[in-house]
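Engineer: here is my input; please provide its structure:
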Amino acid sequence: MSLKYIDNARKILCIGRNYAAHIKELNNAKPQQPFFFLKPSSSILKPNDGPFLVPKGVVVHYEVELAFTLNKTLKDLSPDFSAEEALDAIEGYALSIDMTARNVQDEAKKKGLPWSIGKGFDTFLPLSGFIPKEKIPNPYNVELILKVNGETRQQDKTDLMIFPIHKIISHMSAIMTLEKGDLILTGTPKGVGQIKPGDKVEAYLKYNDEVLEEIKFDAEQKPGPYDYKEI
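Structural biologist: Numbers count the residues shown, from 1 in each chain. Predicted structure coming up:
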């Protein structure tokens with residue numbers, strides 16, 4: 001299992017609100033252009049690298065996503081950047097779960113405060129091994145599946161993305177330079193929900209009904225002094 005791509009990621013950029021049904025289930029507004037945020041590299045949970053940690057007082061939601069890495073540096077791309085050019089710039093793919101401290105994020109939003117904390121706890125980005133792009137000729141034909149305690153919670157195809165990958169890349173590159181090795185998450189489909197200590201989580205990435213990668217872990221209470229209180 002190749003994990004070099006994880007160590008090479010200088011930035012982790014995550015698209016929000018990129019599946020219509022997910023936007024609806026959270027009562028959010030549909031964005032007019034790709035909207036993204038950053039996660040710290042310290043939030044990565046590598047395969048078989050221990051449990052997922054639920055901070056005390058935090059309502060944690062899972063969000064399964066297709067991720068990709070870049071094989072070149074990209075800056076100030078034209079809005080006409082094509083789908084073919086985007087595929088050429090991709091090094092490969094991975095299965096990812098963008099964990100969100102939903103109550104922390106919601107309160108910060110209501111008060112007009114930054115919500116990096118809600119995305120940045122340790123272990124809040126479980127990742128699979130690397131998938132060479134030759135194994136996924138069409139990134140819109142990927143099926144994402146997430147189960148909690150054996151029950152399927154999320155299962156949808158990536159063809160439901162609102163903003164395709166080439167639009168994501170061109171928009172991001174006009175704001176900040178995308179560097180070789182950067183990891184980009186493409187958004188989550190409907191079905192997000194809570195993970196609690198004691199839960200068993202498994203996620204799968206399928207292409208043409210073949211499982212290419214998976215993520216499996218147990219959730220445990222995060223040790224240490226942190227206990228969420230109202231901001």
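
Engineer: who does the longest strand along the chain touch, helix- and strand-wise?
Structural biologist: Taking DSSP state E as the criterion, the chain has its longest strand at strand 210-221. Here strand 210-221 is seen to pack against strand 52-54, strand 90-97, strand 200-207 when contacts are counted using 3 or more CB pairs under 8 Å, 6 or more residues apart in numbering; DSSP states H and E. In this view, the C-beta of every residue, glycine as well, is placed from N, C-alpha and C.

Engineer: sheet partners, orientation included, of it?
Structural biologist: Looking at strand 210-221 with DSSP bridges, its partner strands are strand 52-54 (parallel), strand 200-207 (antiparallel).

Engineer: buried sites along the shortest one?
Structural biologist: It refers to strand 52-54. 52-54 (16 or more other CB atoms under 10 Å).

Engineer: then the last one?
Structural biologist: Within strand 200-207, the residues that qualify as buried by neighbour count (16+ other CB under 10 Å) are 201, 203-207.

Engineer: contacts made by it with the rest, please.
Structural biologist: The contact list for strand 200-207, computed with CB atoms under 8 Å, 6 or more residues apart in numbering, reads 52, 62, 64, 66, 93, 95, 97, 126, 128, 131, 135-136, 141-150, 195, 211-219.

Engineer: rewinding a little: dump the helices and strands packed on strand 210-221 to TSV, plus distance to residue 155.
Structural biologist: Listed next are those as TSV, based on distance: least, CB to CB, whole Å:
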stretch	distance to residue 155
strand 52-54	20
strand 90-97	13
strand 200-207	9
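
Engineer: so for residue 78, which of those sits nearest?
Structural biologist: Smallest distance to residue 78 across the helices and strands packed on strand 210-221 (CB to CB): 17.9 Å, for strand 90-97.
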